[in-house]
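Colleague: with the sequence up front, the predicted model follows.
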Amino acid sequence: MQRNWFLGELLTQLFQRRAPLFGGKDDTRSMIELCDALLSEEGEVSGYRLASTFLKRYQTADDAEKLAFFRYLNSELDVDAEKLVELAQSYGQAKDTNIFKALSRAAEPRRQELLRRLNQPTGATQGLVAMRVDLLNFLKEHPDLKRTDFDFRHLLQSWFNLGFLVLKQINWDTPARILDKIIAYEAVHEISDLDDLRKRLFPPDRRCFAFFHPSMPDEPLIFVEVALTSEVPGSIDGILLENRMPLAPENARVAVFYSISNCQVGLRDISFGNLLIKQVVAELSLEMPDLNQFVTLSPIPKLNTWLNSQVDDAELGFAASQALVAQASDDTVAQLAARYLTTAKRDDGLPYDPVARFHLGNGAEVYAVHSGADLSENGHNQSSGAMVNYHYDLSKTELHHEDFVRNATVSATKDVLALARAEFTLQTKEK
């Protein structure tokens with residue numbers, strides 16, 4: 001981990017050497033006028049000041065002003081389609097370098113250049129990530145803004161290129177300002193306070209890793225919590241048990257990824273999870289060579305949603321109805337979960353479950369399903385208490401990934417496939 005810390009600190013220092021964010025207090029131009037100036041020759045000379053002034057102005061703008069800004073991006077700074085067609089036809093007739101340059105410039109919406117110029121001051125990247133949160137909220141009622149969001153996402157994917165991300169281990173010595181954010185951003189198994197967080201970071205059989213970007217050194221982008229165990233677990237209660245006896249790391253044989261949380265809403269659809277898991281596997285393998293299995297203990301967030309759609313099905317209806325009212329047997333819930341994970345698909349052919357799409361897309365396989373694995377209220381509400389292990393076999397992940405991308409194949413163990421195909425015995429829970 002030391003080499004990653006060194007790179008992170010070096011990049012952070014480079015970013016922090018720049019002057020602090022400031023704005024021109026006497027510049028009374030509107031946000032739109034500031035954007036026009038930033039794209040003009042004035043922007044070439046005074047771009048840093050103009051960008052700083054705009055970003056400060058945006059922070060205090062109301063929703064109407066923000067929407068007007070996004071509409072300006074969407075219409076006034078859009079592609080000139082007629083000019084693009086004309087240049088494309090000219091280039092088709094003569095492969096001239098100058099025409100190619102003009103065609104390339106015309107094919108890029110001017111809003112991309114504006115966003116690049118807005119990204120000059122220190123703190124601007126984080127401001128633009130926050131700006132996209134506003135844009136995503138506006139999309140619900142203004143879907144035509146999707147083309148502007150496409151450009152936001154395009155640029156953020158470039159700025160948050162995986163080559164710039166720094167992996168850091170989060171432990172009890174991590175600065176409190178970051179620990180507080182780990183508590184706030186935990187999206188799978190709620191962390192109530194610092195004492196609760198300590199139970200996940202301090203024991204010798206627990207690890208936590210996060211990705212950071214040098215332009216946002218105090219903001220985790222995504223983090224994963226890891227439990228070191230002697231065998232593959234089938235219940236989250238055992239992982240989070242308060243008075244459990246910690247396992248000596250040298251006796252661990254399994255690394256369990258039991259919680260993965262994306263932290264920045266403004267970076268939605270920009271995936272870091274694949275590389276995060278692979279880097280954490282590499283780090284843990286170096287630290288503990290005796291680890292031989294890397295699995296998740298994952299929620300099945302859309303299981304009950306799917307069960308609701310199956311209550312009238314001739315084969316599954318009774319079992320689904322019983323599971324939804326917590327009357328199905330553990331075996332029946334496990335069968336339903338296995339059937340769901342291996343067969344439930346969206347219209348595009350991909351798995352219905354978002355967590356399944358993530359892990360299967362990363363090259364994992366469905367290893368085992370467990371009923372009664374999450375007895376919390378949330379666990380009952382979303383999956384009737386069921387959870388799943390996804391297995392990362394590094395010798396097979398590339399093959400599984402390729403098969404998933406090309407054929408939407410759900411890789412699963414023989415036991416899971418057999419459970420999914422088994423006939424339902426229509427058992428109910430014993431009273």
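Modeller: Sure thing, it's come through.
Colleague: by contact count, what packs against the longest helix seen in the chain?
Modeller: Secondary structure of the chain per DSSP state H: the longest helix is helix 41-59. In terms of contacts (3 or more C-beta pairs under 8 Å, 6 or more residues apart in numbering; DSSP states H and E), helix 41-59 is packed against helix 31-39, helix 110-118, helix 124-139. All C-beta spots, glycine's among them, are computed from the backbone N, C-alpha and C.
Colleague: list the contacts for the most centrally placed residue in the chain?
Modeller: Nearest to the mean C-alpha position of the chain, counting by C-alpha atoms, centre = their mean, stands residue 262 at 4.4 Å. Listed by C-beta atoms under 8 Å, 6 or more residues apart in numbering, the contact set of residue 262 reads 187, 221-222, 268, 272-273.
Colleague: check it and give its pLDDT.
Modeller: You'll see residue 262 listed with a pLDDT of 91.
Colleague: what does it show for phi and psi?
Modeller: phi -80, psi 130 (degrees, to the nearest 10).
Colleague: the domain parsing of the chain - what is it?
Modeller: Domain ranges of the chain: 22-159, 163-296, 298-421, per automatic domain parsing.
Colleague: among the ones you listed, which is the most enclosed?
Modeller: domain 298-421 (a mean of 19; mean count of other C-beta atoms under 10 Å).
Colleague: picking that back up, and the helix or strand just after the longest helix of the chain, what's its mean pLDDT?
Modeller: Using DSSP states H and E, the next helix or strand after helix 41-59 towards the C-terminus is helix 63-71. Helix 63-71 shows a mean pLDDT of 97.
Colleague: packing partners for helix 63-71?
Modeller: The contact analysis (3+ C-beta pairs under 8 Å, 6+ apart) places helix 63-71 against helix 31-39, helix 124-139.
Colleague: tell me the angle of the first one relative to helix 110-118?
Modeller: What separates the directions of helix 31-39 and helix 110-118 is an angle of 80 degrees, with axes from the mean of the first three to the mean of the last three C-alpha atoms, to 10 degrees.
Colleague: and for the last one?
Modeller: For helix 124-139 and helix 110-118, the angle between their directions (the same axes, to 10 degrees) works out to 140 degrees.
Colleague: average pLDDT for helix 124-139?
Modeller: 96.
Colleague: equivalent analysis for the first one, please.
Modeller: Taken as a whole, helix 31-39 has a mean pLDDT of 95.
Colleague: how far out from the middle of the chain is that helix?
Modeller: Mean-position distance between helix 31-39 and its chain equals 33 Å (C-alpha atoms, centre = their mean, to the nearest Å).
Colleague: any weak-confidence spans in this protein?
Modeller: For the chain, the stretches flagged by pLDDT under 70 are 1-25, 425-431.
Colleague: what's in contact with the longest helix of the chain?
Modeller: 21-24, 27, 31, 34-35, 37-38, 66, 69, 117-121, 123-124, 127, 131.
Colleague: report all helices and strands that the host helix or strand of residue 389 contacts.
Modeller: Residue 389 belongs to strand 387-391 when assigned by DSSP H and E. Packing partners of strand 387-391 (3+ C-beta pairs under 8 Å, 6+ apart): strand 293-296, strand 298-299, helix 354-361, strand 365-370.
Colleague: export that strand to PDB, keeping only CA atoms.
Modeller: Provided in PDB are the C-alpha atoms of strand 387-391 (Å, rounded to 0.1, in the frame of the first residue of the first chain):
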ATOM      1  CA  MET A 387     -28.200 -12.900   0.000                       C
ATOM      2  CA  VAL A 388     -25.700 -14.200  -2.500                       C
ATOM      3  CA  ASN A 389     -22.000 -14.900  -2.800                       C
ATOM      4  CA  TYR A 390     -20.300 -13.900  -6.000                       C
ATOM      5  CA  HIS A 391     -17.000 -15.600  -6.500                       C
END
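Colleague: would you confirm that residue 185 contacts residue 261?
Modeller: Yes - the pair residue 185 / residue 261 is scored as a contact, 5.3 Å apart, by C-beta atoms under 8 Å.
Colleague: list the residues that contact both of these two?
Modeller: Common contacts of residue 185 and residue 261 (C-beta under 8 Å, 6+ apart): residue 223.
Colleague: any chance of TSV for the helices and strands packed on helix 41-59, columns distance to residue 202?
Modeller: As requested, the helices and strands packed on helix 41-59 are exported to TSV (distance: least, C-beta to C-beta, whole Å):
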stretch	distance to residue 202
helix 31-39	47
helix 110-118	42
helix 124-139	30
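Colleague: and the helices in the stretch 151-300 of the chain?
Modeller: All helices of the stretch 151-300 of the chain, identified by DSSP state H, counting those that start in this stretch, fall at 176-185, 194-201, 236-240, 273-287.
Colleague: return the distance of the shortest one from the chain's centre.
Modeller: For helix 236-240, the separation from the chain centroid amounts to 23 Å (computed by C-alpha atoms, centre = their mean).
Colleague: likewise the longest one?
Modeller: For helix 273-287, the distance between its averaged C-alpha position and the chain's averaged C-alpha position is 16 Å (C-alpha atoms, centre = their mean).
Colleague: okay, that helix in CSV with CA atoms only?
Modeller: Taking Å, rounded to 0.1, in the frame of the first residue of the first chain, the C-alpha atoms of helix 273-287 are listed here in CSV:
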residue,chain,number,x,y,z
GLY,A,273,-15.9,-1.0,-9.0
ASN,A,274,-14.2,-3.3,-11.4
LEU,A,275,-10.7,-1.9,-10.9
LEU,A,276,-11.3,-1.4,-7.1
ILE,A,277,-12.0,-5.1,-6.6
LYS,A,278,-9.1,-6.2,-8.7
GLN,A,279,-6.7,-3.9,-6.9
VAL,A,280,-7.9,-4.9,-3.5
VAL,A,281,-7.5,-8.6,-4.4
ALA,A,282,-3.9,-7.8,-5.5
GLU,A,283,-3.2,-6.0,-2.3
LEU,A,284,-4.7,-8.7,0.0
SER,A,285,-2.9,-11.4,-2.0
LEU,A,286,0.5,-9.7,-1.3
GLU,A,287,-0.3,-9.2,2.3
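Colleague: returning to that earlier point: distance check, the residue nearest to the centre of the chain against residue 318.
Modeller: For residue 262, the distance to residue 318 equals 37 Å [C-beta to C-beta, to the nearest Å].
Colleague: next one: residue 382 from residue 268, what distance?
Modeller: Taken as C-beta to C-beta, the span from residue 382 to residue 268 is 20 Å.
Colleague: repeat that for residue 401.
Modeller: 22 Å.
Colleague: next, the angle from the longest helix of the chain to helix 63-71.
Modeller: Going by the same axes, to 10 degrees, helix 41-59 makes 140 degrees with helix 63-71.
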